[in-house]
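Student: predicted model and sequence follow; I will ask about them next.
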Amino acid sequence: MDNLIGLKVGGVPEHFNLPWRLAIEEGAFSNIGLKLHWSDMGGGTGQMIRGLETGSLDVAILLTEGITKAVLQGLDVKIIQVYVTTPLHWGIHVPFHSVIQTMDDLKGQTFAISREGSGSHLMSYVKADQEGWETDNLKFNVVGDIYGGLWALEHNEAQAFLWEKYTTFPYTEQEKCRYIDEVVTPWPCFVIAVRTEVYEKYFNELKAMCTIVNKKAISVKNDEDTVEVMSWRYNLRSDQVEKWLSETDWNYKGIEYPLAFEQTIQYLLKLNLISQEESEDWRTKLF
């Protein structure tokens, strides 16, 4: 067992990553010569981008829009596979006791975001664009993670916070925030990214790793115990898990989705989050 290749893997501590957690716990990767060290990344995509940049992570499961922007702006990382093929449902949350009721009430207000370049950051631009707002005027407060976002809402350091709506549902029940709307990503939501050095050195092992995760995702999707396991592990209500499972699919067959990235890049360009020059030759940069 000492000759296993050790890789540092990071992902959000959310229900999307149950296939990874189960496969690691079951020792599934030792069969292909890998030993994965998992780290929960409560700060989301922005935190994982920093981890890939510094080398504290080798592999990350992170949001399509965030990693696409980072790679096109120079991050030395390759995307090896789309992980979740369905969109992410971002809940738009406001302080529980505020008078805010609709998106119109949020125009000109401050959005809490986990980090620059995170999903909570980029999807605020997407929603603002859908609302017809001038996106150059958006105001942000960097808060680190979901707990920072809830704190910012409670203390009026921000008036809105975007986060995956099923993850935040328990906090809405506890009256720590209030859900008013949502924005759905116009692309598959999660991808698996690898530092280029690791990607080139262990490409075959990494592809085999993805195959194991994809197969585990099939069993998670179909297993009758999944609702109970997810409810317990992630502090979610069973009815919420059932609803989430019905609208979520992983990349069971490891299919490539180049058009998804094209769509993501078009949106990033439209919102002036990347330059035309940065978007050139994007396939070579991303894959």
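Tutor: Ah, there it is.
Student: every contact and neighbour count from this point should use C-alpha atoms.
Tutor: Fine.
Student: who touches stretch 218-238?
Tutor: 14-15, 18-19, 166-167, 169-170, 241-242, 245, 249-250, 252 (CA atoms under 8 Å, 6 or more residues apart in numbering).
Student: looking at neighbours, which among these is most surrounded?
Tutor: Within those, most neighbours by other CA atoms under 10 Å means W250, with 24 neighbours.
Student: excluding chain neighbours, what is closest to the residue nearest to the spatial centre of the chain?
Tutor: Closest to where the C-alpha atoms of the chain average out (CA atoms, centre = their mean) is L63, at 3.5 Å. Sequence neighbours aside, F190 is the residue nearest to L63 in space, at 4.6 Å (criterion: CA to CA, 6 or more residues apart in numbering).
Student: my read: W90 touches I180, true?
Tutor: No: the criterion here is CA atoms under 8 Å, and W90 misses it with I180 at 11.0 Å.
Student: of those two, who's got more company?
Tutor: The neighbour count for W90 versus I180, taken as other CA under 10 Å, is higher for W90 (24 against 14).
Student: am I right that the more buried one sits in a helix?
Tutor: No: looking at W90 with DSSP: H, G, I helix; E, B strand; the rest coil, it is strand, so not inside a helix.
Student: which strand residues bridge it?
Tutor: Per DSSP bridges, the residues bridged to W90 are E164, V183.
Student: check contacts around it.
Tutor: By CA under 8 Å, 6+ apart, the residues touching W90 are M123, L162, W163, E164, K165, E182, V183, V184, T185.
Student: for K35, name its beta-bridge partners.
Tutor: The partner residues for K35, given DSSP bridges, come to G6.
Student: got TSV for the contacts of W90, with pLDDT and distance to Q109 too?
Tutor: Converted to TSV, the contacts of W90 look like this (pLDDT from 0 to 100; distance: CA to CA, whole Å):
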residue	pLDDT	distance to Q109
M123	94	15
L162	97	13
W163	96	17
E164	95	20
K165	95	20
E182	96	17
V183	96	17
V184	95	21
T185	93	22
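Student: show me which of the residues you listed is closest to I49.
Tutor: Proximity of the contacts of W90 to I49 (CA to CA) peaks at M123, which lies at 16.5 Å.
Student: contacts only, for the closest one.
Tutor: The contact partners of M123, taken as CA under 8 Å, 6+ apart, are W90, L162, V183, T185.
Student: out of those, grab the one that's most surrounded.
Tutor: Using other CA under 10 Å as the neighbour test, these are led by L162, with 29 neighbours.
Student: that one contacts L122, doesn't it?
Tutor: No: with contacts counted by CA under 8 Å, L162 stays clear of L122, the gap being 9.9 Å.
Student: one step back: widest-spaced pair of the contacts of M123?
Tutor: So, the contacts of M123 by CA to CA: farthest apart are L162 and T185, at 12.0 Å.
Student: which SSE is T264 in?
Tutor: Per DSSP states H and E, T264 falls inside helix 258-270.
Student: C-terminal to that helix, what's the next element?
Tutor: Scanning forward in sequence from helix 258-270 by DSSP H and E, the next helix or strand is helix 276-279.
Student: might you report the residue contacts of the residue nearest to the centre of the chain?
Tutor: Contact analysis of L63 by CA under 8 Å, 6+ apart lists T45, G119, C189, F190, V191.
Student: for these, work out which two are farthest apart.
Tutor: Pairwise distances across the contacts of L63 (CA to CA) peak at 12.7 Å, for the pair G119 and V191.
Student: what about L206, which SS state?
Tutor: Three-state assignment for L206 (three-state DSSP): helix.
Student: that one: neighbour count?
Tutor: L206 sits with 20 neighbouring residues when counted by other CA under 10 Å.
Student: quick one: the helices in this structure, in order.
Tutor: Assigned by DSSP state H, the chain shows helices spanning 18-25, 44-54, 64-72, 119-130, 146-154, 165-173, 196-201, 203-222, 226-234, 238-246, 258-270, 276-279, 282-286.
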